[in-house]
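**Student:** test case, fold it:
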Amino acid sequence: MPAISAETALQKAIREFNAWRFYDCHETLEDVWRESGGKTGAAGPADFYQGIIKVAAGLHHALRGNHKGAVNLLSDALRLLEPYQPSYLGVNVGQLVDGSRRCLDNVLKLGPAEIARFDRSLIPTIHPSEDGGNEQPE
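**Tutor:** The predicted structure is shown next:
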């Protein structure tokens with residue numbers, strides 16, 4: 001089966017994320033992350049893809065009651081995505097960062113004993129950017 005382009009994979013991953021198919025989103029972007037320099041530690045789009053992967057994985061953990069996994073992954077996702085605000089590769093990163101931060105704050109407030117009460121209404125949706133969002137992070 002031929003590999004799909006990074007753009008096609010990103011659009012598929014966004015659809016999966018927005019349908020709360022967080023594991024599938026992670027799987028869809030994993031190869032794109034690797035091919036964009038993820039294994040080399042290079043910045044650029046690799047950090048952007050990894051940020052989305054970690055938001056998806058963090059939400060997957062939050063929904064399954066894994067407090068520690070949710071905190072670690074959402075925290076790391078925010079660190080990775082913040083430089084890409086307000087938008088990158090057609091994605092409104094600012095909205096995703098804000099929504100992810102609200103989820104992390106809720107998980108932290110609940111703590112391990114109350115993680116089952118995670119507020120699912122806080123789960124963000126990935127939106128397209130209004131400006132095309134192809135600017136590079138600084």
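
**Student:** need the residue closest to the centroid of this protein.
**Tutor:** residue 52 (2.2 Å; C-alpha atoms, centre = their mean).

**Student:** name the residues that touch the biggest helix by length in the chain?
**Tutor:** For the chain, the longest helix by residue count, based on DSSP state H, is helix 93-114. Residues outside helix 93-114 that contact it (C-beta atoms under 8 Å, 6 or more residues apart in numbering) are 48, 52, 55, 58-59, 62, 67-68, 70-71, 74-75, 77-78, 81-82, 84-87, 115, 117-119, 122-127, 129, 133. To be clear about C-beta, it is placed using only N, CA and C from the backbone, and glycine gets the same treatment.

**Student:** can you select the buried ones from the residues you listed in ChimeraX?
**Tutor:** Under the burial definition 16 or more other C-beta atoms under 10 Å, those of the contacts of helix 93-114 that qualify are selected in ChimeraX by:
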select :48,52,55,58,59,62,67,70,71,74,75,77,78,81,84,85,87,115,118,122,123,124,126,127,129,133
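
**Student:** all helices of this structure, in order?
**Tutor:** For the chain, the helices defined by DSSP H cover 6-18, 22-35, 45-63, 67-81, 93-114.

**Student:** the last one to helix 67-81, inter-axis angle?
**Tutor:** Here helix 93-114 points in a direction 160 degrees away from that of helix 67-81 (axes from the mean of the first three to the mean of the last three C-alpha atoms, to 10 degrees).

**Student:** for helix 93-114, buried residues please.
**Tutor:** Neighbour count says helix 93-114 has 93-97, 99-101, 103-104, 106-107, 110 buried, by 16+ other C-beta under 10 Å.

**Student:** got the angle between it and helix 45-63?
**Tutor:** On the basis of the same axes, to 10 degrees, helix 93-114 is oriented at 30 degrees to helix 45-63.

**Student:** show the average pLDDT along helix 93-114.
**Tutor:** Summarised as a single mean, pLDDT over helix 93-114 is 98.

**Student:** and for stretch 30-42?
**Tutor:** Across stretch 30-42, the per-residue pLDDT values average to 77.

**Student:** and what of stretch 59-75?
**Tutor:** The model assigns stretch 59-75 a mean pLDDT of 98.

**Student:** contacts for it, please.
**Tutor:** Identification of contacts with stretch 59-75 by C-beta under 8 Å, 6+ apart yields 20, 22-23, 26, 54-55, 57-58, 100, 103-104, 107-108, 110-112, 115-116, 118, 120, 123.
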